[in-house]
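Novice: coordinates for the following, if possible.
(2 chains)
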Amino acid sequence: MAVRVQSESFDPGAELERFGTGPDVGAVVTFTGVVRDDSGKLSRMEIEHYPGMTERALAAIEAEATARWQLTGSLIIHRYGALAPGERIMMVATAARHRAEAFAAAEFLMDYLKSRAPFWKKEIGADGTSWVAAKDADEAALTRW
Amino acid sequence: MIDVLYFAWVRERIGLPKERLDTGATTVAALVEELRAREDRYAAAFEDLASLRVALDQELSDFDAPLAGVREVAFFPPMTGG
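Specialist: Below you'll find the model as predicted:
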């Protein structure tokens, strides 16, 4: 069980190599979020966060996932600072005996990360700057849990 | 004394990330009223509470919550992690 909040990039392959090993691990699920450029005019994304609360919120979300599913491991990495299109923003990984738990827990972590972890994204592009607005669908996604 | 933090466009509208206030407000809503009355930039930031979230001592809370014993209040837009 681990949470990392960092500005530097990370290597998902190297992370995966170290993650989810052990005799009781039968399934590992990972998700990686990447800076998308829908308009073709994005020069960078700036991610702001709330140091202190971010780590607490992520640890609480991870603890909730661990309480709901029989996980043998979990990992959340989330970056902040200036990121170029195509750069990795974050990853989650879950390990369990069977895939159903690993998939469900990974989706749960992602749903809660979206609207309960104190990060804010600003897009800086050729047409100016704008804060990414939260989507109603992201908030609604929490009700399924 | 209470530390008040602002993030994202709330920080931009107010023009600072953090300040220490001496307030008599007993709830978050009363603190918001106090801030709104200070200057236009605060009134602009707190124009629509439905588009804001509040955290008390780094835990998500709500505008009706009491401030007794709270050391750090943070105001920010809905979060966009992931």
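Novice: need the residues of chain B near chain A, please.
Specialist: B:5, B:7-9, B:55, B:58-60, B:74, B:76-82 (CB under 8 Å from any CB of the partner chain). (Glycine included, C-beta is placed from N, CA and C.)
Novice: what about 10 Å?
Specialist: B:5, B:7-12, B:17, B:51, B:53, B:55, B:57-60, B:72, B:74, B:76-82 (CB under 10 Å from any CB of the partner chain).
Novice: can you give me the strands in the chain?
Specialist: Just so you know, I chose chain A. Secondary structure of chain A (DSSP state E): strands at A:2-6, A:27-34, A:42-49, A:71-79, A:81-83, A:88-96, A:119-125, A:128-131.
Novice: that's the other chain; I wanted chain B
Specialist: Using DSSP E, strands in chain B cover B:2-6, B:18-21, B:53-56, B:59-61, B:72-76.
Novice: check contacts around A:E123.
Specialist: By CB atoms under 10 Å, 6 or more residues apart in numbering or on different chains, the contact list for A:E123 reads A:35-39, A:41-46, A:85, A:129-132.
Novice: residue 10: neighbouring residues, count only.
Specialist: In the absence of a named chain, this looks at chain A. Around A:F10 sit 16 other residues, with neighbours defined as other CB atoms under 10 Å in any protein chain shown.
Novice: not what I meant, chain B
Specialist: Going by other CB under 10 Å, the residues that sit close to B:V10 add up to 22.
Novice: which neighbouring elements make contact with the helix ranked longest in chain B?
Specialist: Longest helix in chain B by number of residues, with DSSP state H as the criterion: helix B:28-36. For helix B:28-36, the packing partners by 3 or more CB pairs under 10 Å, 6 or more residues apart in numbering or on different chains; DSSP states H and E come out as strand B:2-6, strand B:18-21, helix B:40-45, strand B:53-56, strand B:72-76.
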